[in-house]
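Engineer: Just a sequence and a predicted model for now, questions to come.
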Amino acid sequence: MKYSIGQLIRVVVGLFVFSVGIVMTINASLGVSPWDVFHQGLSNTLGITLGQANIIVGFFIIFLDIILGQNIGWATLLNMMLIGIFIDLLMLNHIIPESTTILAGVIMLLTGILIEGYGCFIYVSAGMGAGPRDGLMVVLTKRTGKSVRMIKTSIEIVAVIVGMILGGKFGIGTVIMATFGGQIFQVAFKSVKFDIKEVRHRFIQDDIKLIRQKG
């Protein structure tokens, strides 16, 4: 039980750190990540906060993941809820300042991506599942037989196009995150000697089977 509580705390802390990184990339004012272009567009269209848009999109992606046969972990559900809540907490209270110069924006953007990488390490290493959007990438890769890079790029292109139509902000920062985000995440992972392939996740389906066996 203590181990499970420790995992849960790790997930929540990791998601908060990840959210700090997201808000830093947004407040860098150079254009947001591909997914956040979509979140911003949805936020503008529906008159809701960015965090609420994040939660709504996460909910529908989890639903799609389940339909496509992707396993869902408790961290997947927490990701859907908490990242949106943390983003609103940080942005509505102006906890992280906005960049006023291009140089400061670039530094803030790159630092934010690196912080996202550490946040990802913290919560994914708990072994309770990954985020809804990563799950979609994984299941579509399995279903289509295409490369992860191609599927990830295709999903993000669609997110950017729809987001821009809805009024999301596309900029040089979007290009930087789409192009170098993976490499910067890898720098964070290597600095803590984390190999994401070695993580063994426990999914909600596993818990249901365990309950049935004990029942």
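Structural biologist: Arrived safely, thanks for sending.

Engineer: any idea how far M108 is from N27?
Structural biologist: 7 Å (CB to CB, to the nearest Å). Bear in mind the C-beta positions are built from the backbone N, C-alpha and C, glycine included.

Engineer: so what sits against both of those two?
Structural biologist: S99 (CB atoms under 8 Å, 6 or more residues apart in numbering).

Engineer: so how far is the top helix by length along the chain off the chain centroid?
Structural biologist: Using DSSP state H, we find that the single longest helix of the chain is helix 2-27. Computed by CA atoms, centre = their mean, to the nearest Å, the chain-centroid distance of helix 2-27 equals 11 Å.

Engineer: Next SSE downstream of that helix?
Structural biologist: helix 34-46 (DSSP states H and E).

Engineer: Contacts for the following helix or strand past that next one, please.
Structural biologist: Downstream of helix 34-46, the next assigned helix or strand under DSSP H and E is helix 50-68. Around helix 50-68, the neighbours that count as contacts under CB under 8 Å, 6+ apart are 26, 35-36, 38-40, 42-43, 46, 48, 72, 76-77, 79-81, 83-89, 91, 131-133, 135-136, 139-140, 143.

Engineer: OK, contacts around the residue nearest the centre of the chain?
Structural biologist: In the chain, the centroid-proximal residue (CA atoms, centre = their mean) is G131; its distance is 5.9 Å. Applying CB under 8 Å, 6+ apart to G131 gives the contacts G58, A75, T76, N79, I83.

Engineer: tally of neighbours for the first one?
Structural biologist: By other CB atoms under 10 Å, the residues close to G58 number 23.

Engineer: what do you get for the fourth one?
Structural biologist: The number of residues packed around N79, counting by other CB under 10 Å, is 28.

Engineer: One more: the third one?
Structural biologist: Close neighbours of T76, defined as other CB under 10 Å, add up to 27.

Engineer: Show the pLDDT at the closest residue to it other than its chain neighbours.
Structural biologist: Distances taken as CB to CB, 6 or more residues apart in numbering put G129 closest to T76, at 4.3 Å, once the chain neighbours are dropped. In this model, G129 is scored at 88, pLDDT.

Engineer: Which secondary structure state does G129 sit in?
Structural biologist: Following DSSP: H, G, I helix; E, B strand; the rest coil, we place G129 in the coil state.

Engineer: I figured it hits A75, correct?
Structural biologist: Yes - between G129 and A75 there is a contact at 4.3 Å, judged by CB atoms under 8 Å.

Engineer: so where's the chain shaky on pLDDT?
Structural biologist: Within the chain, the segments meeting pLDDT under 70 span 1-3, 215.

Engineer: who touches I87 in this structure?
Structural biologist: I87 touches S19, I22, V23, T49, L50, G51, N54, counting by CB under 8 Å, 6+ apart.

Engineer: Not counting sequence-adjacent ones, nearest residue to it?
Structural biologist: G51 (4.1 Å).

Engineer: Can you report how many residues neighbour that neighbour?
Structural biologist: 25.
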